[in-house]
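J.: Mind folding the following:
(2 chains)
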Amino acid sequence: MVKKERIARVLVVLFVFIAVLIFVVGWLKNQNLNADSIQIHARMPENGGWSVTSINAETNQPIHLKLTSDDVVHGFAIGKTNHPAVDIFPGEFVETTLLFDKPGTYTFYCTRWCGVNHWRMRGTIDVRGEGPLVTNPPPAYLQLGIDIDTEHEAEVIPATDVSPQTGSLFADDLPSYVLDQETYFSNSPAKIWMRLRAEPTLSELSDQEVWDVVAWIWQKNTSPSMIETGQTLYAENCAACHGETGKGDGIMVRDLPKHDSDEHSTNDPHSESGMGGLIRPHDFTDANHVLGASPALFSGKIIRGGMGTGMPYWGPIFTEEQINALVSYIYTFAW
Amino acid sequence: MNRVDLTRFPKTSALLRSRWPQFLLRAVTLAGFVFTILAGLFGSVVGSHNFAIIFVWIAWWSALKLFFIPFGGRSWCSICPIPMPGEWMQKGGLFSPSGKGFGLGKRWPKKLRGNWLQAGGFLLIGLFGAVTLTSARVTALILLFIIILAFVLSLVFERRSFCNYLCPIGGFTGLYAQAGPVEVRVKEKQVCAEHSEKTCYTACPWGQYPLALKSSADCGLCMECLRVCPSDNIAVNLRPWGSDLGPKSKQSLDEVFLGLVMLASVLVDSAVFLGPWGQLKTAAYEIGSLSWLGFAGLFLFVSFGVLPSLFSTAVWAATKLGSAKTTFRKTLMNYGQVLVPLGLMAWIAFTVSFAFVKFSYVLPVISDPFGWGWNLIGFTGKAQVGQSTPFSIWIQILLLCVGLFWASRVANQISETSKQAFPIITFSCLFSAGMLWLLIG
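T.: This is a model prediction of the structure:
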């Protein structure tokens, strides 16, 4: 009897020990496996966001990342680089290796619309090493002193649809400054219209024909491929709030109050305009709003975000070319 | 009597008499229990990738309802590891009690006897179910709490007090074991009556005296009575399903209450997990929020209000239709039996609705139990959420029909006239229709 009892006790302890052993050995093995890689858990910002938000690296030294999601599908990408975006599925692990050849601070971000605070899922990678530091020149809106927080209603808008083709017929009559990229960048379509309207040489043209000229200038400063790039970026990053058709009615903002220029005051963060003072974005199909803004102003809004709305800052994520492409796409909603 | 006594065959008799097979199974389940707690605490927070969630709430919970109870009554209780550590201390031995155990050996307070606390425990699981069922951490903490509680209680109270009076699963299993096809009974009553020592009662961890055992609800099928009986007077019978139910049996009030709580739970669980109401699901998940309080209120209203009043009305009508001698209380205790087949088949139908769909998660979590990205047996990432097939829908309909037919048959057997059974059958029809709507509609 005593012998049986002893065997029974040994067996129970042994079985439980094996269960614990599997766990402990597995745990240690896991630590070893992950010793040369960084494990990052992606979680919705409400649940904690990225488990690692700051990574230090050296130039030309590969960084191995092991990514997993603790809740919903997320994505991982690095702003201003060509590193392909990686999808991260709940409970599954995906590995990726990063290599930077220029020192600087890079931003990694979530590429999937994981929730209302999706855009807050960001972190930085500090890359140190030889070579010139990747720095960004101050954005144009600062250089030009444009206040991106004020209203920018167009002084004038076209009465009907514009035709860049018709506008191109008057190309030879135009003053040289309007063909300058600088002029395009720092002026709103409405401003350019007013300047052209005031030109005595163009007094023969009807108001609509001057608008056709402005539309042609805008077309000249972009290209079909830029518009296409802008459209793709817009669909991936902007449409969830601004809406696929640019109406400012994306799925993320449908519960927010509409923009009302009379009531909305950007100086008052406690204005009673809904959830946390946030309001819906402007309607890009509203010519009054869009034709009153210069490309520099729009790119400033994209770079810095804010404006009393929930607009994220895209400066660390989009390249200058990408932002220019987005800006030219935004104008297509209003023409 | 239509029964097959397993102790009559040398092989099955040896299997049941030896402590080793059962002991080894319990040792394995204990190790599995510890492993599950570790996986729940330290593994992936994503439920579908954690051994604890898949094994407790898909594999075990389904197996209990689809296999253990319908084919073995309280057979799970006979290999459940939860009382094992406490009993080791209490009896001073794992395998053969030395009699030098620790423990105060107090009797469980009279006021707390019965299935009341078990019903309450089951309600609590339901109220917090949405989180318990999806969070591996919470599941592990509950398992840890349960095993510690069972351990402490066995040091304070005699025998398996936790199993008898607190374990919500014990209440669930015991209730439906009455419909199960296994029973432990004495062979010759006379032999027991003449045996003055009552070794079986002394040995029974459940505090049962086999001679007095009428319902399989209270017997945990541990086989200790069989092993200690000097006269080989204990039978382990295979019997027709539902043998405990009939005119000669009755339920105690707490069993009737437990039966109603189980009906309410299966209705609410079906509504939350299978129903099309997103808001209800969200409310069930947001524990502590106002909407969750609403959900809890609804759950308790169905458990304490809707079902008891509907059933009471049916029983009241049946009392009126019965002979003059019958009282409401007596009728209630008789017809309480109807809730057993009705609830059992509803729970099985509910389980069928999700078990087949989610069973594909089982192999992947064996391959990667902690969700750390392992691939032990090559099944990681192979989980496919299935679709419920027309086949599964027909099975669910069939199961509910069987439940309704079975409940009506029990109601008829109990009733003096078929007219008297009518209100009870109407109640069963209403419940089955509700379940059908939630599962299929």
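J.: tell me the domain ranges of the chain?
T.: Using chain A. According to automatic domain parsing, chain A comprises the domains A:39-128, A:136-335.
J.: I was after chain B.
T.: If you go by automatic domain parsing, chain B breaks into B:23-177, B:253-439.
J.: can you redo the ones you listed as a markdown table with mean neighbour count, mean pLDDT and distance to chain A?
T.: Glycine gets a C-beta too; all of them are placed from N, C-alpha and C. Below are those laid out as a markdown table (neighbours: other C-beta atoms under 10 Å in any protein chain shown; pLDDT from 0 to 100; distance: least, C-beta to the nearest C-beta, whole Å):
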| stretch | mean neighbour count | mean pLDDT | distance to chain A |
| --- | --- | --- | --- |
| domain B:23-177 | 20 | 93 | 3 |
| domain B:253-439 | 19 | 90 | 4 |
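J.: What parts of chain A come near chain B?
T.: Contact residues (C-beta under 8 Å from any C-beta of the partner chain) of chain A with chain B: A:1, A:4-5, A:7-9, A:11-12, A:15-16, A:18-20, A:22-23, A:26-27, A:30, A:66, A:68-71, A:90-93.
J.: Generate a ChimeraX selection restricted to the buried subset of those residues.
T.: Buried subset of these, written as a ChimeraX selection, criterion 16 or more other C-beta atoms under 10 Å in any protein chain shown:
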select /A:5,8,11,12,15,16,19,22,23,26,66,68,69,70,71,90,91,92,93
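J.: Helices - which of the residues of chain A next to chain B land there?
T.: Of the residues of chain A next to chain B, the ones assigned to helices by DSSP state H are A:4-5, A:7-9, A:11-12, A:15-16, A:18-20, A:22-23, A:26-27, A:30.
J.: if we can go back for a sec, now the domains of chain B in TSV, with distance to residue A:61?
T.: Output for the domains of chain B, formatted as TSV (distance: least, C-beta to C-beta, whole Å):
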stretch	distance to residue A:61
domain B:23-177	30
domain B:253-439	24
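J.: Which of those domains sits closest to residue A:128?
T.: Closest approach to residue A:128 among the domains of chain B is made by domain B:253-439 (30.0 Å; C-beta to C-beta).
J.: Report the separation between the residue of the stretch 151-300 of chain A found nearest chain B and residue A:286.
T.: For the stretch 151-300 of chain A and chain B, the shortest gap (C-beta to the nearest C-beta) falls at residue A:255, measuring 15.2 Å. Going from residue A:255 to residue A:286 by C-beta to C-beta, to the nearest Å gives 21 Å.
J.: Ok, residue B:228 next?
T.: Per C-beta to C-beta, residue B:228 is found 89 Å from residue A:286.
J.: Looking at the two, which is more packed in?
T.: Counting neighbours by other C-beta atoms under 10 Å in any protein chain shown for residue B:228 and for residue A:286 shows that residue A:286 has the greater number, 19 against 16.
J.: Would you list the phi and psi of the more buried one?
T.: With angles defined as degrees, to the nearest 10, residue A:286 sits at phi -90, psi 110.
J.: so what's it closest to, chain neighbours aside?
T.: residue A:334 (7.0 Å; C-beta to C-beta, 6 or more residues apart in numbering or on different chains).
J.: Repeat that for residue A:220.
T.: Spatial nearest neighbour of residue A:220, excluding adjacent residues (C-beta to C-beta, 6+ apart): residue A:179 at 7.5 Å.
J.: for stretch A:153-160, which positions count as buried?
T.: Going by neighbour count (16+ other C-beta under 10 Å), the buried part of stretch A:153-160 is A:154, A:156, A:157, A:158.
J.: Please read the previous query as pertaining to stretch B:4-15.
T.: For stretch B:4-15, by 16+ other C-beta under 10 Å, it's B:5, B:6, B:7, B:13.
J.: Hmm, the third one is touching residue B:238, no?
T.: No: contact between residue B:7 and residue B:238 fails when scored by C-beta atoms under 8 Å: they sit 11.2 Å apart.
J.: what residue ranges in the stretch 101-250 of chain A score low on pLDDT?
T.: Scanning the stretch 101-250 of chain A for pLDDT under 70 picks out no residues.
J.: Residues contacting stretch B:126-146, please?
T.: B:33, B:36-41, B:43-45, B:47, B:50, B:52-53, B:56-57, B:82, B:125, B:167, B:264-265, B:268-269, B:272, B:281, B:284-285, B:287, B:296, B:299-300 (C-beta atoms under 8 Å, 6 or more residues apart in numbering or on different chains).
J.: Where strands are concerned, which of those count?
T.: Using DSSP state E, no member of those sits in strands.
J.: Spatially nearest residue to residue B:116 (excluding sequence neighbours)?
T.: residue B:254 (5.0 Å).
J.: Within the helices and strands, which one has that neighbour?
T.: Assigned by DSSP states H and E, residue B:254 falls within helix B:253-273.
J.: ok, now residue B:183?
T.: Here residue B:183 is assigned to strand B:182-186, by DSSP H and E.
J.: With residue A:124 instead?
T.: Per DSSP H and E: strand A:122-128 holds residue A:124.
J.: Tell me the buried residues in that strand?
T.: Buried positions in strand A:122-128, judged by neighbour count with 16+ other C-beta under 10 Å: A:122, A:123, A:124, A:125, A:127.
J.: Contact partners for residue A:36?
T.: Shown in contact with residue A:36 (C-beta under 8 Å, 6+ apart): residue A:64.
J.: Then residue B:230?
T.: By C-beta under 8 Å, 6+ apart, the contact set of residue B:230 is B:195, B:197, B:199.
J.: Check the gap between it and residue B:51 for me.
T.: 45 Å.
J.: follow-up on the earlier one: nearest to residue A:251 among the buried residues of strand A:122-128?
T.: Proximity of the buried residues of strand A:122-128 to residue A:251 (C-beta to C-beta) peaks at residue A:122, which lies at 21.0 Å.
J.: what's the nearest residue to the closest one if we skip its chain neighbours?
T.: Nearest non-adjacent residue to residue A:122, counting by C-beta to C-beta, 6+ apart: residue A:109, 4.6 Å away.
J.: One more: residue A:245?
T.: Using C-beta to C-beta, 6+ apart and skipping the chain neighbours, the partner closest in space to residue A:245 is residue A:285 (6.9 Å).
J.: what about the one you found, which SS state?
T.: For residue A:285, the assignment made with DSSP: H, G, I helix; E, B strand; the rest coil gives coil.
J.: which ones are touching it?
T.: By C-beta under 8 Å, 6+ apart, the contact set of residue A:285 is A:245, A:246, A:247, A:333, A:334.
J.: Could you tell me how many residues sit around residue B:207?
T.: As a burial measure, residue B:207 scores 14 neighbours (other C-beta under 10 Å).
J.: Please apply the same query to residue A:3.
T.: There are 8 residues near residue A:3, going by other C-beta under 10 Å.
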